[in-house]
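J.: Have a look; sequence and predicted model below, questions after that.
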Amino acid sequence: MIETKQHERLRRLSECIKRSGRIHLKDAARILEVSEMTIRRDLSSDVENPYPMSLLGGYIVALAQPHSNLITSTSDIITPDQTQELHIPNLAAGMVSEGDVLFFDNGQLIPTLIELIPESLHFTGICYSHRVFLALSRKKNATVLLCGGEYRPKSDSFYNPLQPCYLDNINPKKAFISAEGVHLDFGVSCYNIDDLHMKRKAMDKSIRKILLTKYHAFDETATGNMGDLAQFDVVITDRKLTDDYEAYCRKSSVKIIY
């Protein structure tokens, strides 16, 4: 059966809330890039919906989980701390669509993001990290492009800034970039200077730049500077930002999802 746009939206919403059990209507609209009214119509539609969900108090919640996802042992139980750790990668995975060409950097959240991408989706993943490559290689419908070079065990990645790489000839639809520091004056930064070349190249070449960073990284500054926060299209974090960051993002047309 051909998947309609409405069914695709419902499927992606279901994947977003599979682990955490809920997602705010505003965040869902930002992730799916549609209006809140469109999502309301999708949820109230008479069309057969294999992903039963409901809107309660501004949050979309799952009414039932597929049988395959039922908890079968104590090791499958997700604790509140684990749910918190899944929050950012879960929202990011909800932004992946069928046929996307994606860049994944070397961040700590990236392998979990990849794991949460639905198995049914076909996509191409470009990376330079060995552990990210391994995560992508486990997705049966993913085409994986590994940028080669000198292997550096400290960061478990490959680097070769002087030689051509896949990003020279490919424009990823979305780039998932992680950061350890976000500051209104000193920009977006990371601690591993070796990563800077690939992060900046991906930002230059990608159509949409998606920043993944935890709330505690705001107002912090790490060693290597990637650029200004305004260079990103979307910021995904785990808490509501302070008023000054909210105002900056509105002025710079940066979407915030938390």
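T.: Okay, I see it.
J.: and residue 53, how many neighbours?
T.: When neighbours are defined as other CB atoms under 10 Å, residue 53 has 21 of them. To be clear about C-beta, it is placed using only N, CA and C from the backbone, and glycine gets the same treatment.
J.: surely it meets residue 62?
T.: Yes. Counting by CB atoms under 8 Å, residue 53 touches residue 62, with 5.7 Å between them.
J.: got any residues that touch both of the two?
T.: 14, 17 (CB atoms under 8 Å, 6 or more residues apart in numbering).
J.: per-residue pLDDT, the most centrally placed residue in the chain?
T.: When CA atoms, centre = their mean is applied to the chain, the residue found nearest the centroid is residue 92 (2.1 Å). The model reports residue 92 with a pLDDT of 91.
J.: What strand or helix carries it?
T.: Using DSSP states H and E, residue 92 falls within helix 80-93.
J.: same question, residue 17
T.: helix 5-20.
J.: Next SSE downstream of that helix?
T.: Past helix 5-20, the next helix or strand by DSSP H and E is strand 22-24.
J.: Tell me the helices and strands packed up against the very next helix or strand once past that next one.
T.: For strand 22-24, the following helix or strand on the C-terminal side (DSSP H and E) is helix 25-32. When contacts are defined as 3 or more CB pairs under 8 Å, 6 or more residues apart in numbering; DSSP states H and E, helix 25-32 sits against helix 5-20, helix 36-44, strand 59-62, strand 255-257.
J.: In a markdown table: those, plus mean pLDDT and distance to residue 129.
T.: What follows is these, written out as a markdown table (pLDDT from 0 to 100; distance: least, CB to CB, whole Å):
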| stretch | mean pLDDT | distance to residue 129 |
| --- | --- | --- |
| helix 5-20 | 80 | 23 |
| helix 36-44 | 87 | 34 |
| strand 59-62 | 78 | 32 |
| strand 255-257 | 92 | 24 |
